[in-house]
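Enquirer: what's the 3D shape of this:
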Amino acid sequence: MKALLAEAMWSPKKQDLNQNLSVSGSLAWKNSRFSIIDKTIPTPKSDELLIRVKYCGICGSDSHVYETDSEGYILFSGPTKLPCILGHELSGEVVEVGKEVKEFSPGDIITIESVLWCGHCLSCRQGMLNQCENEELFGLTTDGGFTEYITIKAKYCWKLNNLLEKYSSEDVYKMGALIEPIGCAYNGIFISGGGIVPGAFTIVYGAGPIGLGAIMLLKAAGAGIVIAVDTMEERLEIAKSLGADYVCNITTTKDFHQMVKEITHGWGADLQVECAGVPKNTIPIMQKNIAKRGTIVYLGRGDSEVSIDLNSMVTGAQTIVGSRGHSGYGIFDRVITMIYHKKLQGIENIVTSIFPFRDIMKALDSYCLRKDGKILIDMHLV
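Expert: Next comes the predicted model:
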């Protein structure tokens, strides 16, 4: 079988970084390179599934392993172990089940969590699976989904068979590859961020796949106003199709703060979600636009430090919360339920391009233009 392998040179900026541990990739890995390799189809262990991958989405983290800074270091600032087969947003068909697996059968359509939690550490035992002390990240610290077949523990998998009652199998496979990024937005808004009340004023910064997921979720939850902010007109058009009430190209808008004041009648935003990963640009704007007792949810990942005006946060009783991952809290089950009941307006519009696996390098180049919603790789077309 074919697979996309990412490699890089280990050249840590800090002397105490250990190559055997997951580290901030942008501090350690230099001059990334990619190749299509041949691998043997794996055999599932007793608690695993063998899955034939149908679609695997390109994520910003994948492009940030592909892209490098002026010194040649990868841009991804999260845990990274290379060499590694990339890809973590996938759907597929169960081909074989391990002897201990009872919940799945060959032929099931599934999607997977990409935060591989242990279930035994103190964080996991307290329900904080996304903060697992022994975590691996599928497709970033351990081999992922840009390949024809994978094996993965059944506990990370979710069935999508019931969606066949409402959608074609092709649409189920496409939507299955979107559940992971939508789950990240769900976790940030409703679990880490505490959710919204109906009628709330909200802003989403970054209309990439996670930001687009946030827009759909906020509309489904009854947000009074959703404003989408980006630098690319193409993505803002997608945001409109998903229900954004207002869109703003931050590069051409003269006074975004005044725009927010007019839309919210001077109140500001009750909830703002940062999905762009450029905090040095977004956080100062978000602080200007935050309402009293408002919340900023930071979902993006950027390798930079940002100054925060803590006095105004105290005065306004405001909150900034970080969020990562999508595991636990019933997130996958609830997103699947929302898809089943067609509560995510315009979800079909998120996928804007599909490339065959043989053209995956072209797909990565296309993603780096940041004009698409979600780019999927069809792993059947190798």
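
Enquirer: ok, the closest residue to residue 321 other than its chain neighbours - contacts?
Expert: Counting by CB to CB, 6 or more residues apart in numbering, residue 321 lies nearest to residue 192, which is 5.2 Å off, once chain neighbours are set aside. C-beta coordinates here come from the backbone N, C-alpha and C atoms, glycine included. Under the criterion of CB atoms under 8 Å, 6 or more residues apart in numbering, the neighbours of residue 192 are 297, 321-323.

Enquirer: Scan those residues and report the most crowded one.
Expert: Tallying neighbours with other CB atoms under 10 Å puts residue 297 at the head of the contacts of residue 192, with 26 neighbours.

Enquirer: Over to that one: give its phi and psi.
Expert: When quoted as degrees, to the nearest 10, the phi and psi of residue 297 stand at phi -110, psi 120.

Enquirer: I'd say it and residue 323 touch.
Expert: Yes. Between residue 297 and residue 323 a contact is recorded at 5.8 Å, counting by CB atoms under 8 Å.

Enquirer: Mutual contacts of these two, please.
Expert: 188, 192-193.

Enquirer: Reformat those residues as CSV; add distance to residue 57.
Expert: Formatted as CSV, the shared contacts of residue 297 and residue 323 follow (distance: CB to CB, whole Å):
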residue, distance to residue 57
188, 18
192, 22
193, 24
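
Enquirer: related to what we said a few turns ago, mind pulling up the pLDDT for the residue nearest to residue 321?
Expert: With respect to pLDDT, residue 192 scores 96.

Enquirer: do the same with residue 77
Expert: 88.

Enquirer: dump the residue contacts of it.
Expert: 24-27, 64, 301-303.

Enquirer: cool, residue 38 as well?
Expert: Residue 38 touches 1-3, counting by CB under 8 Å, 6+ apart.

Enquirer: Adding neighbour count and secondary structure as columns, could you present those in JSON lines?
Expert: Below are the contacts of residue 38 laid out as JSON lines (neighbours: other CB atoms under 10 Å; DSSP: H, G, I helix; E, B strand; the rest coil):
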{"residue": "1", "neighbour count": "16", "secondary structure": "coil"}
{"residue": "2", "neighbour count": "15", "secondary structure": "strand"}
{"residue": "3", "neighbour count": "24", "secondary structure": "strand"}
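
Enquirer: any chance of those residues in CSV, plus distance to residue 379 and pLDDT?
Expert: CSV is the format used below for the contacts of residue 38 (distance: CB to CB, whole Å; pLDDT from 0 to 100):
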residue, distance to residue 379, pLDDT
1, 9, 92
2, 9, 95
3, 10, 97
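
Enquirer: Going by distance to residue 264, which of the residues you listed wins?
Expert: Nearest to residue 264 among the contacts of residue 38 is residue 3, at 48.5 Å by CB to CB.

Enquirer: wait, doesn't the closest one sit right on residue 147?
Expert: Yes. Between residue 3 and residue 147 there is a contact at 3.6 Å, judged by CB under 8 Å.

Enquirer: anything in contact with each of the two?
Expert: 39, 85.

Enquirer: Walking through the stretch 101-250 of the chain, point out its helices one by one.
Expert: For the stretch 101-250 of the chain, the helices defined by DSSP state H, counting those that start in this stretch cover 122-125, 169-176, 179-186, 209-220, 233-241.

Enquirer: The ones you listed: which one's closest to residue 379?
Expert: Here helix 169-176 is closest among these (CB to CB), at 10.2 Å.

Enquirer: any idea of the mean pLDDT for that closest one?
Expert: 97.

Enquirer: Mind listing what's buried along it?
Expert: Across helix 169-176, burial judged by 16 or more other CB atoms under 10 Å covers 171-176.

Enquirer: so which of those residues would you say is closest to residue 97?
Expert: Distances from residue 97 to those, taken by CB to CB, are shortest for residue 176, at 18.1 Å.

Enquirer: Quick one: residues contacting that closest one.
Expert: Residue 176 touches 54-55, 90-92, 109-111, 160, 163, counting by CB under 8 Å, 6+ apart.

Enquirer: Please repeat the previous calculation with a cut-off of 7 Å.
Expert: 91, 109, 111, 160 (CB atoms under 7 Å, 6 or more residues apart in numbering).

Enquirer: Could you do residue 26 as well?
Expert: 73-77, 303.

Enquirer: what does residue 282 give?
Expert: Taking CB under 7 Å, 6+ apart, one finds 205, 274, 276 in contact with residue 282.

Enquirer: Repeat that for residue 361.
Expert: Residue 361 neighbours (CB under 7 Å, 6+ apart): residue 34.

Enquirer: how about 10 Å then?
Expert: Contact partners of residue 361, counting by CB atoms under 10 Å, 6 or more residues apart in numbering, are 4, 34-36, 66, 355.

Enquirer: circling back to that earlier point, just send the contacts of residue 77 back as CSV, with distance to residue 287 and secondary structure too.
Expert: Formatted as CSV, the contacts of residue 77 follow (distance: CB to CB, whole Å; DSSP: H, G, I helix; E, B strand; the rest coil):
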residue, distance to residue 287, secondary structure
24, 25, strand
25, 28, helix
26, 25, helix
27, 27, helix
64, 25, helix
301, 19, coil
302, 16, coil
303, 21, coil
